[in-house]
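# got a structure for you, letters missing:
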């Protein structure tokens with residue numbers, strides 16, 4: 001009854017895609033592949049035809065709702081696990097934007113799409129206004145293992161002896177780490193969510209895992225693609241505060257700052273999200289007011305424990321800490337957002353000089369591995385002069 005009421009409360013207008021047939025499950029697969037068309041793969045930038053300028057997605061039109069599924073997610077490779085990621089590029093090269101439009105045209109519009117873990121969609125029986133869509137996404141365990149492999153690649157304990165084979169060894173090890181595949185998976189799912197909200201004016205509910213890891217990633221990325229406000233300095237702060245801090249992402253636990261997590265190691269949930277944002281920034285350099293240094297600054301201090309912002313695991317714990325040890329004194333670095341605001345008033349260190357607020361609408365990135373870049377944040381060497389993020 002709750003889900004039925006939720007579906008009935010969602011927008012019922014057909015928008016551009018009314019009276020059609022098909023399933024969102026197929027759209028997720030097709031869309032995830034077609035966002036990496038031939039031009040995107042070869043040029044490293046998304047096809048200009050997919051840059052939708054006509055929608056203020058509407059924080060007022062559709063709602064992205066989250067809830068708990070109670071179980072960890074399944075293995076995440078692509079939306080459709082039967083299609084390996086290596087096929088995405090070749091598939092995209094053979095299909096144009098018309099294929100994606102045809103797929104959208106054959107999709108039955110629902111008021112509400114509920115994204116669930118595989119196997120859960122058969123548990124619930126919906127009505128005509130909603131559809132359960134099984135998805136795959138990177139789990140925290142997979143992120144942890146992949147990140148360890150990535151660090152071994154970017155920071156090898158023994159340098160490659162043979163320079164002729166070092167390049168092939170590096171890229172082979174990078175592929176085996178599956179880090180870029182996970183970034184690709186998050187971008188692919190987020191692009192599908194953004195496409196459904198933007199093109200169908202439908203609502204999307206994420207009912208996966210406990211709701212504070214993959215859900216934070218997908219919801220945040222989808223909103224970045226849909227709403228230009230969240231691509232500004234102030235908007236990005238609001239996004240992190242409401243979707244990560246207020247929603248209860250366990251920063252201290254995932255950063256291995258607590259006693260209970262010391263044996264489990266670092267789980268880079270927030271870091272891989274920032275990597276995905278870096279990919280968006282690389283593909284749409286004029287759409288973001290923030291720059292790459294801003295993302296690196298957040299990535300560094302989300303682990304440094306220098307600011308209180310990324311300490312503890314929920315708002316209740318932070319409020320309790322504030323009551324015990326108030327933030328007092330001039331120049332106290334308790335809140336990272338206040339520190340960033342002070343810096344932006346004096347210089348442009350966090351500003352993207354290519355940013356243009358004119359004509360910025362929905363951005364849908366190329367999400368195949370071939371279209372992604374290795375974030376150089378992982379390979380920085382700062383021992384000679386110290387960290388550039390302690391400013």
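It's in. Just so it is clear, the model here is predicted, and its values are computed rather than measured.
# contacts and neighbour counts: CA atoms only from here.
Will do.
# can you pull out the strands in the stretch 201-350 of the chain?
For the stretch 201-350 of the chain, applying DSSP state E, counting those that start in this stretch gives strands covering 203-207.
# for it, give me the ranges with low pLDDT.
Along the stretch 201-350 of the chain, the parts satisfying pLDDT under 70 run over 210-211, 260-262, 327-333.
# tell me what the lengthiest helix in the chain is packed against?
Secondary structure of the chain per DSSP state H: the longest helix is helix 179-200. Here helix 179-200 touches helix 24-34, helix 140-154, strand 203-207, helix 214-226, helix 269-283, going by 3 or more Cα pairs under 8 Å, 6 or more residues apart in numbering; DSSP states H and E.
# next, format those as JSON lines and append mean neighbour count and distance to residue 259.
Listed next are those as JSON lines, based on neighbours: other Cα atoms under 10 Å; distance: least, Cα to Cα, whole Å:
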{"stretch": "helix 24-34", "mean neighbour count": "23", "distance to residue 259": "40"}
{"stretch": "helix 140-154", "mean neighbour count": "18", "distance to residue 259": "18"}
{"stretch": "strand 203-207", "mean neighbour count": "24", "distance to residue 259": "29"}
{"stretch": "helix 214-226", "mean neighbour count": "24", "distance to residue 259": "23"}
{"stretch": "helix 269-283", "mean neighbour count": "22", "distance to residue 259": "19"}
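# tell me the contacts of residue 379?
Taking Cα atoms under 8 Å, 6 or more residues apart in numbering, we find residue 379 in contact with 154-155.
# check it and give its pLDDT.
Predicted confidence (pLDDT) for residue 379: 88.
# could you measure it against residue 171, distance?
14 Å (Cα to Cα, to the nearest Å).
# equivalent analysis for residue 7, please.
For residue 7, the distance to residue 171 - Cα to Cα - is 46 Å.
# isn't residue 4 up against residue 131?
No. The criterion here is Cα atoms under 8 Å, and residue 4 misses it with residue 131 at 10.8 Å.
# mind checking which of these two has more residues around it?
residue 131 (24 against 14; other Cα atoms under 10 Å).
# that one against residue 110, yeah?
Yes. Here residue 131 reaches residue 110: they are 6.7 Å apart, a contact under Cα under 8 Å.
# please list all residues in contact with residue 238.
So residue 238 contacts residue 230 (Cα under 8 Å, 6+ apart).
# if we go to 10 Å?
229-230, 232, 244-245, 337 (Cα atoms under 10 Å, 6 or more residues apart in numbering).
# neighbour count and distance to residue 138 added to those residues, as a markdown table?
Formatted as a markdown table, these follow (neighbours: other Cα atoms under 10 Å; distance: Cα to Cα, whole Å):
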| residue | neighbour count | distance to residue 138 |
| --- | --- | --- |
| 229 | 20 | 27 |
| 230 | 21 | 24 |
| 232 | 21 | 27 |
| 244 | 24 | 17 |
| 245 | 23 | 21 |
| 337 | 18 | 29 |
